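Peer 1: Mind looking at a prediction? Sequence and model below.
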Amino acid sequence: MLEGVNQFGTEENIVGLSNSGNVAIIFRENPNGSSELRMVFRKDGKFGQELPLDEKINSPRYTEIAATLSSDSSAIYFASDRPGGYGGIDLYACRKLPNGKWSDPQNLGPSVNTLYDEDFPSVSPDGNTLYFSSKGHTSMGGYDLFKATFNEEKQRFMDVRSLGYPINTLGDDMNFRVSEDGKYGYLAAIRPEGFGDMDIYKVNFLEVETRYTVFKGVIRSADSTLKPNATFISVTNLATGELFGEYQPNSSTMKYVVILPPGRYSFFVESEGFSGFQEEIEISDDGQNRFEIIHDILLQRE
């Protein structure tokens, strides 16, 4: 418990932390329904002194959800649902001015923000990488984790890439933080092996990173009056002859998602009342493989 920070009748959540660990950003929800972001400073090993963020960051009628500071505390990145963005929750930045005040907020632009929600920004210790959660871009479902690289020439974050499977899953994967040496990451996610609701997970980044491809689409019937049901997908690794995995599409939308490393696979779909569907697919390992392949499947009646 952070004594002196928690208050009776309010709710406090830590939503950001400086790379030094000496400044925490809390989200406080007040009894009257208003909310705000505040900075809390650590001194002599204890958090206590608070500093409210001004109205350029805490907008009076809208909600600022999460924030993070750059390593030198010269910039703050935050998520807000204020109007004028690209849709939903967007990411913004304010710079520290010579007089100690914050600049006007700047939307991080369409290279980062989408029509959907972007949230939980986090900047790497060297300031070159922005990590964030998004329901847009190439999300596999819910919030996925992405990173954007700072372009010195254009002075903005761009070239957004997914952190990929197995960090991202079909559920919500959120609030990523990376260690100072870049070897480890920490995130909040709901996984089957967890203890309930969202758990904290640690990621160990290996030197050689396998690039996975999201293979997804919709399974339909060639007869528009019929809908496939009791449908199963089997994927076999053709190099080893071993079953790679078994999957089921969403029962209402018939959308399916299969995540594959480079290789050659046999893709077999069986559905009650329909002929079996089989084809070979290849995920290249030449560095040019696409992160996402859309592949709809049409089933024929028996």
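Peer 2: Yep, that arrived.
Peer 1: so residue 42 makes contact with residue 17?
Peer 2: No. The pair residue 42 / residue 17 is not scored as a contact, 10.1 Å apart, by C-beta atoms under 8 Å. Every residue, glycine included, has its C-beta placed from N, CA and C.
Peer 1: shared neighbours of the two, which are they?
Peer 2: 23, 24 (C-beta atoms under 8 Å, 6 or more residues apart in numbering).
Peer 1: For the stretch 151-300 of the chain, just list every one of the strands.
Peer 2: Taking DSSP state E, counting those that start in this stretch as the criterion, the stretch 151-300 of the chain contains strands spanning 156-162, 173-178, 184-189, 199-204, 213-221, 231-237, 243-247, 255-260, 263-271, 277-283, 292-294, 297-299.
Peer 1: what do you get for the stretch 1-150 of the chain?
Peer 2: 11-17, 23-29, 35-43, 46-52, 64-69, 75-80, 90-95, 106-107, 118-123, 129-134, 144-151.
Peer 1: Highest mean neighbour count out of those strands?
Peer 2: Mean neighbour count (mean count of other C-beta atoms under 10 Å) peaks for strand 118-123 among the strands of the stretch 1-150 of the chain, with a mean of 26.
Peer 1: Strand partners (parallel or antiparallel) of it?
Peer 2: strand 129-134 (antiparallel) (DSSP bridges).
Peer 1: Pull the residues that contact the partner strand.
Peer 2: Counting by C-beta under 8 Å, 6+ apart, residues outside strand 129-134 touching it are 77, 91, 108, 112, 114, 116-124, 143-150, 157, 163, 172-178.
Peer 1: and what of stretch 218-227?
Peer 2: Contacts for stretch 218-227 (C-beta under 8 Å, 6+ apart): 228, 231, 249, 253-256, 269, 271, 273-274, 296-301.
Peer 1: would you list the strands of the stretch 1-150 of the chain in CSV and tack on mean pLDDT?
Peer 2: Formatted as CSV, these follow (pLDDT from 0 to 100):
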stretch, mean pLDDT
strand 11-17, 77
strand 23-29, 83
strand 35-43, 84
strand 46-52, 78
strand 64-69, 88
strand 75-80, 92
strand 90-95, 94
strand 106-107, 95
strand 118-123, 92
strand 129-134, 94
strand 144-151, 92
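Peer 1: Let me have those strands in TSV, extended by distance to residue 199.
Peer 2: Formatted as TSV, those follow (distance: least, C-beta to C-beta, whole Å):
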stretch	distance to residue 199
strand 11-17	16
strand 23-29	20
strand 35-43	24
strand 46-52	24
strand 64-69	18
strand 75-80	22
strand 90-95	25
strand 106-107	32
strand 118-123	16
strand 129-134	16
strand 144-151	15
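Peer 1: Now for residue 176: which residues touch it?
Peer 2: 120, 122, 131, 132, 133, 145, 163, 167, 185, 186, 187.
Peer 1: Dump stretch 138-149 to CSV, restricted to CA.
Peer 2: Extracted in CSV, the C-alpha atoms of stretch 138-149 (Å, rounded to 0.1, in the frame of the first residue of the first chain):
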residue,chain,number,x,y,z
THR,A,138,-3.4,-6.3,-37.0
SER,A,139,-4.9,-7.3,-33.7
MET,A,140,-5.7,-11.0,-33.3
GLY,A,141,-8.6,-10.2,-30.9
GLY,A,142,-9.2,-7.6,-28.2
TYR,A,143,-6.1,-5.7,-27.2
ASP,A,144,-2.7,-6.8,-28.7
LEU,A,145,0.7,-5.4,-28.0
PHE,A,146,2.5,-3.3,-30.7
LYS,A,147,5.7,-1.3,-31.0
ALA,A,148,6.5,1.8,-33.1
THR,A,149,10.0,3.1,-33.9
